[in-house]
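**Student:** what's the 3D shape of this:
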Amino acid sequence: MKQRDFSFLAEHFNFETFELTPEHRLTNYIFKELKDSGRSEWPVYQDIKYACVFKEMSTDEVLYSFPSPSPIDIEDELRGYNFYLKLLPSLSLADVALFFAVEWGNKNLYENIFETDESYPSEFAAELLKETYGNVLFYEQFTTLLAACLPARENTYQDRNEYRLAFNVGRVDKLKNLETMTLPGGINLVEFLLKYTVNKNNGADWYGFIGNSTHKLAYNFITRAKKYL
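**Tutor:** Reported below is the predicted structural model:
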């Protein structure tokens, strides 16, 4: 049961969008972060003119950022941020990592995201995904589920990564190979993934999106948020 409403933390942590002008105090930060992360040479970042940062308001310290070639409208994203911040059950690493995995860019809002479905269909998956309440959000979760189903000859890192990429962009031809596979206990793998991968991509209603771990971000947030409790 939720013990505390953490929505007040929106007063201390929030978003700022801006044009990447020489005068803006965070412009140099954005380009340095791209360079340090190795993304500055990626084609998608060759014509960036705007950025959005999530930051601690009192210190102006950036927790994460993303650039864009066009202005960023964050109204829908703020709706998700405030919605899930109010639902956040604790400042545990697992809960906050889940929060950051769903709060941005997800057009669907899930009232029960921090609860495990009472009719959850797989004991195996429930144990594997207990930190995310049965939801499939992270690369490691997705590939572990695949590893439990794929035949040995198709169960390499490369194989699993190809399926992850195909799932993220909705490559039906590639995903057809998974349609007859089942998790331990007999649950169809594809049906399970489509139901419990809550993040969606490119407006599609049934293709999921598997992201990278948000645990480092969650830890940084928690260490800063504690002083406001």
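
**Student:** going forward, measure contacts and count neighbours with C-alpha atoms only.
**Tutor:** OK.

**Student:** Run through this protein and note the low-pLDDT ranges.
**Tutor:** In the predicted model of the chain, residues 1-3, 105, 201-207 satisfy pLDDT under 70.

**Student:** Which residue ranges make up each domain of it?
**Tutor:** 1-73, 91-229 (automatic domain parsing).

**Student:** Go through these and name the closest to residue 81.
**Tutor:** Closest of the domains of the chain to residue 81 is domain 91-229, at 4.8 Å (criterion: Cα to Cα).

**Student:** Give me the distance from the closest one to the chain's centre.
**Tutor:** Relative to its parent chain, domain 91-229 has a centroid offset of 9 Å by Cα atoms, centre = their mean, to the nearest Å.

**Student:** Look up how far residue 141 lies from the most centrally placed residue in the chain.
**Tutor:** Residue closest to the mean C-alpha point of the chain, counted by Cα atoms, centre = their mean, is residue 101 at 2.7 Å. Using Cα to Cα, to the nearest Å, residue 101 is found at 13 Å from residue 141.

**Student:** can you give me the helices for this structure?
**Tutor:** When secondary structure is read from DSSP state H, the chain shows helices at 27-36, 75-87, 93-102, 123-128, 139-147, 157-169, 172-175, 189-196, 215-225.

**Student:** and stretch 7-14, how far apart are its ends?
**Tutor:** Taking Cα to Cα, stretch 7-14 runs 11 Å from one end to the other.

**Student:** Give me the contact list for that stretch.
**Tutor:** Judged by Cα atoms under 8 Å, 6 or more residues apart in numbering, the contacts made with stretch 7-14 from elsewhere in the structure are 54-58, 82, 85-86, 225, 228.

**Student:** ok, now which ones touch the nearest residue to residue 98 once chain neighbours are set aside?
**Tutor:** Setting aside the residues directly before and after it, residue 98 is nearest to residue 132 in space (Cα to Cα, 6 or more residues apart in numbering), at 6.1 Å. Counting by Cα under 8 Å, 6+ apart, residue 132 touches 94-95, 98, 114.

**Student:** returning to that earlier point: could you dump the helices of the chain into CSV with distance to residue 7 added?
**Tutor:** As requested, the helices of the chain are exported to CSV (distance: least, Cα to Cα, whole Å):
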stretch, distance to residue 7
helix 27-36, 28
helix 75-87, 5
helix 93-102, 12
helix 123-128, 28
helix 139-147, 28
helix 157-169, 31
helix 172-175, 39
helix 189-196, 26
helix 215-225, 12
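
**Student:** what sits against residue 34?
**Tutor:** For residue 34, the contacting residues are residue 40, taking Cα under 8 Å, 6+ apart as the criterion.

**Student:** again, only using 10 Å
**Tutor:** If you count contacts by Cα atoms under 10 Å, 6 or more residues apart in numbering, residue 34 has them with 40-42, 45, 65-67.

**Student:** and what of residue 86?
**Tutor:** Under the criterion of Cα under 10 Å, 6+ apart, the neighbours of residue 86 are 2, 4-10, 80.
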